[in-house]
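Novice: A predicted structure for the sequence below; I have some questions about it.
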Amino acid sequence: MFENFERKVLDTSGASINLVQGGKGYPLLLLHGYPQTHVMWHKIAPHLAEHFRLVIPDLRGYGDSSKPEGGPDHINYSKRAMALDQVEVMAQLGYDEFYLVGHDRGARVGHRMALDYPEKVKKLAVLDIAPTYKMYTTTDMEFATAYYHWFFLIQPYPLPEHLIGADYEFYMRSELGPRSADSTVFTPEAMAEYLRCFRLPATIHAICEDYRAAASIDLRHDEADMTQKVQCPLLALWGSKGVVARKYDVLATWRERAEKVSGQPLPSGHHLAAEAPDQTFEALMAFLKS
C-alpha cells in the first residue's frame, strides 16, 4: 500500500504526526476515522493522486503518530488541538490553503478546522457523520445502541482501556464489522495495519481520550460557535445502509452549520472508502474539481 508515496514524520507544537504524501496538483488533506489509520484511504488514494497532491496523516493518538497525555479536561484531544496539528503539518509542507476530506473522527476534526481556519480550508467533504453536537443532543435509544462506543469510551480511565486491552483484536473486528455492509471490504493488509497500531495500550488510551474530549471540551467549543457557520463549500456523503442515513436528514442538518452544502448517499455502510471506493472517488472528484 502507498508504494509511490513518501513517508514523513513532522513535529507540531503538540504532537509528532506520521504521514504519507504523493501525487501532483492542488493540495488535498485526507483525515481518517476511528479505529483506523491513514491506511483507510489506500483504495482511492492512487486515483486521487492523479489529480491532487495528497497529504494523508495519522491523527494524533492514532497509527504511528504520537500519543500525548490527555491533559486537563482532555484538552490535548480536543478537535481544536487535533485540527491545529494538521494546519501546522500543511504549513510545514508549504501549503497555506488546501482541500480537506475527512471520514468519521477525521471529518469532525475537519469541521473544527474549517471553523477555526476558514482562510485555509477551501473545500470540505465530510463522510458519514452529522455534527457532533447534533448527534449528542438528539441521542435516543436507537442511536445509543448503534453508537454504544460513544458512551463506552468516555467512561473514566481505566475501565474502557482495561476491557479493550483484554482482547483488542476481538474489539477492533467487532467495531469495524457491524457498521459495514460487508466486513470483507477491509483488505488483509489494511486490517493487519489497524491491528498493529490498535494493540498498543497507548493507542487505546489515546482513542478513549479523543472520545472523552468529544463529550466534554468539544461540546463547549461547539456551543460557543453555534452562530458561526462553515463558509467554504461543504460536501456531505453518507452510507445509505448506515445509521446516519436512518437517523438524520443529513443535508438539512449540515445546512444548520454550513453556508454551501451539497451531498448524496452512497451504496455502503459507514466505511465509504472501503465499501464503495469507486463511487466515493467519483463523488469527491465531482465536488473537488467543480
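Specialist: Good, I have the coordinates.
Novice: low-confidence ranges in this protein?
Specialist: Filtered on pLDDT under 70, the chain yields the residue ranges 180-181.
Novice: next one: the residue positioned nearest the centre of it from Arg60, what distance?
Specialist: In the chain, the centroid-proximal residue (CA atoms, centre = their mean) is Gly106; its distance is 1.8 Å. To Arg60, Gly106 is 12 Å away according to CB to CB, to the nearest Å. All C-beta spots, glycine's among them, are computed from the backbone N, C-alpha and C.
Novice: cool, Phe198 as well?
Specialist: Separation of Phe198 from Arg60 (CB to CB) stands at 15 Å.
Novice: more neighbours, these two?
Specialist: Arg60 (27 against 22; other CB atoms under 10 Å).
Novice: residues contacting that one?
Specialist: Applying CB atoms under 8 Å, 6 or more residues apart in numbering to Arg60 gives the contacts Gly14, Ala15, Ile17, Ser66, Lys67, Pro68, Asn76, Tyr77, Ala81, Met82, Asp85, Ala206.
Novice: name the helix or strand for it, please.
Specialist: Arg60 is located outside every helix and strand, with elements delineated by DSSP states H and E.
Novice: one more: Leu124?
Specialist: Going by DSSP H and E, Leu124 is part of strand 121-127.
Novice: can you name every helix or strand that that strand contacts?
Specialist: strand 98-103, helix 105-116, strand 230-239, helix 277-288 (3 or more CB pairs under 8 Å, 6 or more residues apart in numbering; DSSP states H and E).
Novice: with distance to Thr145 as extra columns, can I get the ones you listed in a markdown table?
Specialist: Putting these into a markdown table (distance: least, CB to CB, whole Å) gives the following:
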| stretch | distance to Thr145 |
| --- | --- |
| strand 98-103 | 22 |
| helix 105-116 | 20 |
| strand 230-239 | 17 |
| helix 277-288 | 27 |
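Novice: re the thing from before, I'd like the contacts of Arg60 as CSV, with neighbour count, secondary structure and distance to Leu159 appended.
Specialist: Below are the contacts of Arg60 laid out as CSV (neighbours: other CB atoms under 10 Å; DSSP: H, G, I helix; E, B strand; the rest coil; distance: CB to CB, whole Å):
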residue, neighbour count, secondary structure, distance to Leu159
Gly14, 17, coil, 26
Ala15, 24, coil, 25
Ile17, 25, strand, 29
Ser66, 18, coil, 24
Lys67, 21, coil, 19
Pro68, 17, coil, 21
Asn76, 22, helix, 20
Tyr77, 29, helix, 17
Ala81, 22, helix, 24
Met82, 29, helix, 23
Asp85, 24, helix, 27
Ala206, 24, helix, 16
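Novice: out of the residues you listed, the closest to Asp249 would be?
Specialist: Minimum distance to Asp249 across those is 27.5 Å, recorded for Met82 (CB to CB).
Novice: was I right about that closest one contacting Gly110?
Specialist: No: judged on CB atoms under 8 Å, Met82 makes no contact with Gly110 at a distance of 9.9 Å.
Novice: not counting its neighbours along the chain, what's nearest Arg246?
Specialist: Of all residues not flanking Arg246 in the chain, Glu142 sits nearest, at 7.6 Å (CB to CB, 6 or more residues apart in numbering).
Novice: count the neighbours of the one you found for me.
Specialist: Neighbourhood size, Glu142 [other CB under 10 Å]: 11.
Novice: could you look up the SS state of it?
Specialist: helix (DSSP: H, G, I helix; E, B strand; the rest coil).
Novice: can you pull the contacts of it?
Specialist: Glu142 neighbours (CB under 8 Å, 6+ apart): Val243, Arg246, Lys247.
Novice: hang on, Val55 in a helix?
Specialist: No: using three-state DSSP, the secondary structure at Val55 is strand, not a helix.
Novice: of the contacts of Glu142, which belong to strands?
Specialist: Among the contacts of Glu142, none falls in strands (DSSP state E).
Novice: okay, those in CSV with distance to Leu237 and neighbour count next?
Specialist: Below are those laid out as CSV (distance: CB to CB, whole Å; neighbours: other CB atoms under 10 Å):
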residue, distance to Leu237, neighbour count
Val243, 15, 20
Arg246, 16, 11
Lys247, 16, 19
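Novice: TSV please, covering the contacts of Arg60 and showing distance to Ile217.
Specialist: Formatted as TSV, the contacts of Arg60 follow (distance: CB to CB, whole Å):
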residue	distance to Ile217
Gly14	14
Ala15	17
Ile17	21
Ser66	20
Lys67	18
Pro68	15
Asn76	10
Tyr77	9
Ala81	9
Met82	12
Asp85	16
Ala206	15
